[in-house]
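A.B. asks: Sequence first, predicted coordinates after that:
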Amino acid sequence: IMDIAIEATNSKGKYQIMFWLQIILLPFTTLIIVAGYAFLTKAPTILCRPKDMSSVPFSKCEMSFYCKHKNTFDMIIDKKESIDNFALEYDLYCENNFYNSLISSFFFAGCIAGVFIWSKLPDIYGRYEIYKWLLYLNLFIQLNFLLRINIYHLILTSFISGTTTYSLNIQNILVIETFERKVASIAMSMMNAGYGIVGIFLGLYCLSVNNLTILLVLNVVIAFVCVVLTLVYLTESPRWLNANHRVKEAVAVLKQMAEINGTSEQFNKFYEENKSLVLHSNERVNIHGTKYTVIDIFKMKSQRWTLIGVMYVFFTIAVCFYGIFITLNTIIDNFYLNSFLVFIAEIIAELGSGFLVNVFGRVRVTVIACNLGGVAFIISGVLKKGMVKTVLLFVASFGIAGALNIMYIYSNEVFPLTIRAMTFGFLFLFSRIGGVVVPLFINNNVYPYILGALAISCGIVFVFMKETKDMELEDEVPEAKVEIAASNDYK
């Protein structure tokens, strides 16, 4: 009945359009922090060496030069002066990536910490409330990036910024609970493709404007727009309110959505005709989200193997995804052209998979994508550098990027509402860990075979997963439904 009620508000109206706009904008405030500093930052650094030793790792030549010019180095670091004149005077080769690596590392550490901090709260206090406060925090953090008091302030700000990326996870949940199902899969694919769009924008920006301050000001503006859109247009998930026995509030939210979409008359007619169904649509729901933990979910027979299977696929596909795209970034010597091609491949794969799952189903498309990516990657490992190898790597990237995108859709559909935010956060954590450990797989000559085999194993595992294409979204875990049906109150 909630599916029909949401459709009665016109699920392609102004409310959803404003949400689409936020879906496109919000990834800017995360990727810009990492990629923007990697491209543009001019922080002082001590990674300098004589030009004739530019190919030697810094650790092997730092002492001979550092001891010779120690006072000069201290002057540069203490006063934060431009290093350009210093490098020119001593004929040095200087790198600018020391602080960039710290910023990126602390940002991704914040992403992982954010899962532990925020993942349980949306199931307890509501999706909208936590989402709103994360956007407030995100705006505050973007203002702090503009200040850039010192490197320690910058690192701390990057870490906190990483924790706020959990807002993207809640955005996924709100989409699946307030959009029509077919539209929701495309909307989530658009959000994932947003990272590729931002990457292309950053590459063009760095080649033309190349100004960090302007980029950070733009980031503040985007963060502010996201807050305004949330306050003016977005609402709490009516499904979450309904599952929490707050049916009147759920109806009020649906009426608000219909009013924004200009379909109040249509919805009110539907409501009057189905009032008794709407008001009793949650009579078999017993909200347990406040006490469930991940350990509890592993103990549930109905959820255990689904969680283990999705967890394995999420982690493994993330390893393959980052491994393939790191490989693609070495094909062409031009860094910006490489990035452009990689991002284009990612966008096509994610948007394409978002459409295909509505036609052929989540499981079938995932199995094909994993096996296609795995086989192409294995064959590419046999070939030497050339056009055929490049084409195979891009085929592999299409398959793996598409499979990873589907995992975001599938994991929000397969788990019941009362544990959705917590399980999705747990799975998102494993995808981040996959990104962290990928260097362990690509530092040898056989890594294409390893990653290819892992991708194929994901396809095999997913054969045994249940299809969610036309499945009704569950509000409560089956174990709780049995408990309710057996209770004296329900009788």
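C.D. replies: Alright, I've got the coordinates. Everything quoted here is computed from the prediction, not taken from an experiment. Residues are numbered from 1 along each chain as shown.
A.B. asks: And for P238, nearest residue in space, chain neighbours not counted?
C.D. replies: A250 (4.3 Å; C-beta to C-beta, 6 or more residues apart in numbering). C-beta: built from backbone N, CA, C; applies to glycine.
A.B. asks: Report the separation between that neighbour and V232.
C.D. replies: For A250, the distance to V232 equals 20 Å [C-beta to C-beta, to the nearest Å].
A.B. asks: Mind checking which of the two has more residues around it?
C.D. replies: A250 (26 against 9; other C-beta atoms under 10 Å).
A.B. asks: Next up, the contacts around that one.
C.D. replies: Applying C-beta atoms under 8 Å, 6 or more residues apart in numbering to A250 gives the contacts 2, 238-239, 241-242.
A.B. asks: can these go into CSV with extra columns for pLDDT and distance to A453?
C.D. replies: CSV is the format used below for the contacts of A250 (pLDDT from 0 to 100; distance: C-beta to C-beta, whole Å):
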residue, pLDDT, distance to A453
M2, 68, 42
P238, 88, 44
R239, 87, 39
L241, 87, 45
N242, 83, 44
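A.B. asks: Buried among the residues you listed? Need that as a selection in PyMOL.
C.D. replies: In PyMOL, this line selects whichever of the contacts of A250 come out buried by 16 or more other C-beta atoms under 10 Å:
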select buried, resi 2+238+239+241+242
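A.B. asks: Tell me which of the contacts of A250 fall in helices.
C.D. replies: Members of the contacts of A250 lying in helices (criterion: DSSP state H): 2, 238-239, 241-242.
A.B. asks: Pick out the most distant pair among those residues.
C.D. replies: The most widely separated members of those, counting by C-beta to C-beta, are M2 and L241 (9.9 Å).
A.B. asks: In this protein, where is pLDDT below threshold?
C.D. replies: Applying pLDDT under 70 to the chain flags the ranges 1-3, 9-12, 31-102, 206, 210, 277-291, 329-336, 441, 443-444, 479-491.
A.B. asks: if we can go back for a sec, which of the ones in helices among the contacts of A250 sits closest to A349?
C.D. replies: R239 (29.4 Å).
A.B. asks: quick one: the closest one from A5, how far?
C.D. replies: From R239 to A5 the distance is 10 Å (C-beta to C-beta).
A.B. asks: swap in Y449?
C.D. replies: According to C-beta to C-beta, Y449 stands 51 Å off from A5.
A.B. asks: All the helices of the stretch 251-400 of the chain, residue numbers only.
C.D. replies: 264-273, 275-279, 294-299, 304-328, 335-360, 362-382, 387-414 (DSSP state H, counting those that start in this stretch).
A.B. asks: For E129, find the nearest of these.
C.D. replies: Of all these, it is helix 387-414 that lies closest to E129, at 18.8 Å by C-beta to C-beta.
A.B. asks: host element of the closest residue to I378 other than its chain neighbours?
C.D. replies: Leaving aside its sequence neighbours, I378 sits nearest to G452 (C-beta to C-beta, 6+ apart; 3.5 Å). Per DSSP states H and E, G452 falls inside helix 447-462.
A.B. asks: Identify each buried residue in that helix, please.
C.D. replies: Using 16+ other C-beta under 10 Å as the test for burial, helix 447-462 gives 447-452, 454-459, 461-462.
A.B. asks: Quick one: those as JSON lines, columns for distance to V375 too.
C.D. replies: Converted to JSON lines, the buried residues of helix 447-462 look like this (distance: C-beta to C-beta, whole Å):
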{"residue": "Y447", "distance to V375": "16"}
{"residue": "P448", "distance to V375": "11"}
{"residue": "Y449", "distance to V375": "11"}
{"residue": "I450", "distance to V375": "14"}
{"residue": "L451", "distance to V375": "12"}
{"residue": "G452", "distance to V375": "7"}
{"residue": "L454", "distance to V375": "12"}
{"residue": "A455", "distance to V375": "8"}
{"residue": "I456", "distance to V375": "7"}
{"residue": "S457", "distance to V375": "12"}
{"residue": "C458", "distance to V375": "13"}
{"residue": "G459", "distance to V375": "10"}
{"residue": "V461", "distance to V375": "16"}
{"residue": "F462", "distance to V375": "15"}
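A.B. asks: Nearest to R181 among the residues you listed?
C.D. replies: F462 (19.6 Å).
A.B. asks: Can you verify my assumption that that closest one contacts G361?
C.D. replies: No. If you go by C-beta atoms under 8 Å, F462 and G361 don't touch, sitting 11.1 Å apart.
A.B. asks: roughly how far is the helix or strand that contains C226 from the heart of the chain?
C.D. replies: Applying DSSP H and E as the criterion places C226 in helix 212-232. Centroid separation for helix 212-232 versus its chain: 19 Å, with C-alpha atoms, centre = their mean, to the nearest Å.
A.B. asks: cool, stretch 142-151 as well?
C.D. replies: Counting by C-alpha atoms, centre = their mean, stretch 142-151 comes out at 24 Å from the chain centroid.
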